[in-house]
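quick one, what's the 3D model for this:
(one chain, ligands or ions: 2)
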Amino acid sequence: MNEELKRICDHFDVVGEFLSYEEIKNGNVNHTYRVEYLSPKGKQKSYILQKVNTYAFHHPVEIMENIDLITEHIHAKQPKRTALHFHHTPEGKTYLFDESGFWRLFNYIESDTFNDCENLTVVRNAGEAFGEFQHLLSDIDVQKVYDTTPGFHDTRMRYAKMIADMKEDPLGRVAEVREELDFLLAEQDRACQITDLYNAGALPLRVAHNDTKINNVLFEKDTHKALVVIDLDTIMPGLISHDFGDAIRYATNVVAEDCPDCDKVAVNMDVFRAFADGFLSQTADILTEREIDTLAVSGYVLACELATRFLDDYIIGDPYFHIGYPTHNLVRTRCQIAFAKKLLEKQNEMDAIIRECVQKYRGTKHE
Ligand code: GN1
Ligand code: MG
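Ligands and ions are numbered 1, 2, ... in the order given. Presented below is the predicted three-dimensional model:
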């Protein structure tokens, strides 16, 4: 592996000597490595090398074009902010695409990341970072951004795929997951309400991040200020409620998204308030009334959508999400279903907090 990674790194314009690598096991889809170099001046420097999963991402070149477009757009507005810099190959590309896969190399940013949401300052700052991201991109012509993974948050499409695979049942796993399927099928219309509103023309298409887990924000050590939003592969035309909802789905669950003990699943409303406050401090002025109406239910919608994705992956033999053990995707499904039920109970409370925050922040953000 060392030799293979060294060979890949050699394709990018990095000076110095390759020393070592370490895998960073944070994502469920790509493979990420921190690689160490010794510069000609004798200083050790880290980079991030990533192998993009081309089973999940069918158009990696367009993904890189999207990333270039939006990172330049943000850099033009905030030249002093921390940013991701992709190194080039001799052909002037920000990626290497050969028989070994699709690779890219970018700067390592000294920072902290958080998988849990115990610190409410961190949560609020993450909300602010994702909200600011939306705000900064709100003036990009959405037509200029490739739809690299069509239907990524099209909940109806996710359901349709799960139902088709359920009928095919290639591994005979459907009998085992009947209860989960029955729940998700019974909830289908409620889970698809944001998709249906969009299809009816009620919600604007924006440039969205689409994968707003809190560990996709890098924080400055000590101050815990947000430095930069990362994991930009799913930047695509999308809906603001998907960015809000996916963050809520991940952050407000008091247990990890793959907790095997569903009785422990619960919604932390302090985390909800902190994230909503940060997010809406940046977005209150750009949101339409119809978008505001969708925010309280968005966490539930995203939990159901992800449950269909995990369950579908389980039914067809786990080709998409990395699994740590054979029933991992089923355990994830059960956890998301348990959490969706809890989120539903909190919908009115969430809606009240959202409206309070919108009122607090309307008219306060000026560039
Ligand atoms: C995947 O790889 P990661 O952890 O950034 C997935 C998200 C899911 C998430 C669930 C491209 O994200 O949509 O919400 O797992 N990303 C992709 O943990 O499918
Ligand atoms: Mg991701």
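
off-centre distance for stretch 337-347?
20 Å (C-alpha atoms, centre = their mean, to the nearest Å).

element containing the residue of the chain positioned farthest from its centre?
Taking C-alpha atoms, centre = their mean, the residue of the chain most remote from its mean C-alpha position is residue 41, at 37.6 Å. Using DSSP states H and E, residue 41 maps to neither a helix nor a strand.

now do the helices in the stretch 101-250 of the chain.
Counting by DSSP state H, counting those that start in this stretch, the stretch 101-250 of the chain forms helices over residues 120-136, 155-168, 178-186, 188-191, 193-199, 240-251, given from the N-terminal end onward.

out of those helices, which one sits most buried?
Counting by mean count of other C-beta atoms under 10 Å, helix 240-251 has the highest mean neighbour count of the helices of the stretch 101-250 of the chain, with a mean of 27. Just so you know, the C-beta spots here come from the backbone N, C-alpha and C atoms, and that holds for glycine as well.

tell me the angle it makes with helix 155-168.
Comparing the axes of helix 240-251 and helix 155-168 via axes from the mean of the first three to the mean of the last three C-alpha atoms, to 10 degrees yields an angle of 60 degrees.

just want the angle from the helix or strand just after helix 240-251 to helix 240-251.
Scanning forward in sequence from helix 240-251, with DSSP H and E defining helices and strands, the next element found is helix 269-283. Calculated by the same axes, to 10 degrees, helix 269-283 forms an angle of 150 degrees with helix 240-251.

using CSV, list the CA coordinates for helix 269-283.
Written as CSV, here are the backbone C-alpha positions of helix 269-283 (Å, rounded to 0.1, in the frame of the first residue of the first chain):
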residue,chain,number,x,y,z
MET,A,269,-33.3,19.7,21.7
ASP,A,270,-30.4,21.8,23.0
VAL,A,271,-28.4,20.7,20.1
PHE,A,272,-31.3,21.4,17.8
ARG,A,273,-31.6,25.0,19.1
ALA,A,274,-27.9,25.6,18.9
PHE,A,275,-27.6,24.3,15.3
ALA,A,276,-30.8,26.1,14.2
ASP,A,277,-29.6,29.4,15.8
GLY,A,278,-26.3,29.2,13.9
PHE,A,279,-27.7,28.1,10.6
LEU,A,280,-30.5,30.7,10.6
SER,A,281,-28.2,33.5,11.7
GLN,A,282,-26.8,33.2,8.1
THR,A,283,-29.9,32.1,6.2
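
quick one: distance of the following helix or strand past that helix to the chain centre.
Beyond helix 269-283 in the direction of the C-terminus, DSSP H and E gives the next helix or strand as helix 289-315. Using C-alpha atoms, centre = their mean, the distance from the centre of helix 289-315 to the centre of the chain it belongs to is 13 Å.

appreciated, that's everything.
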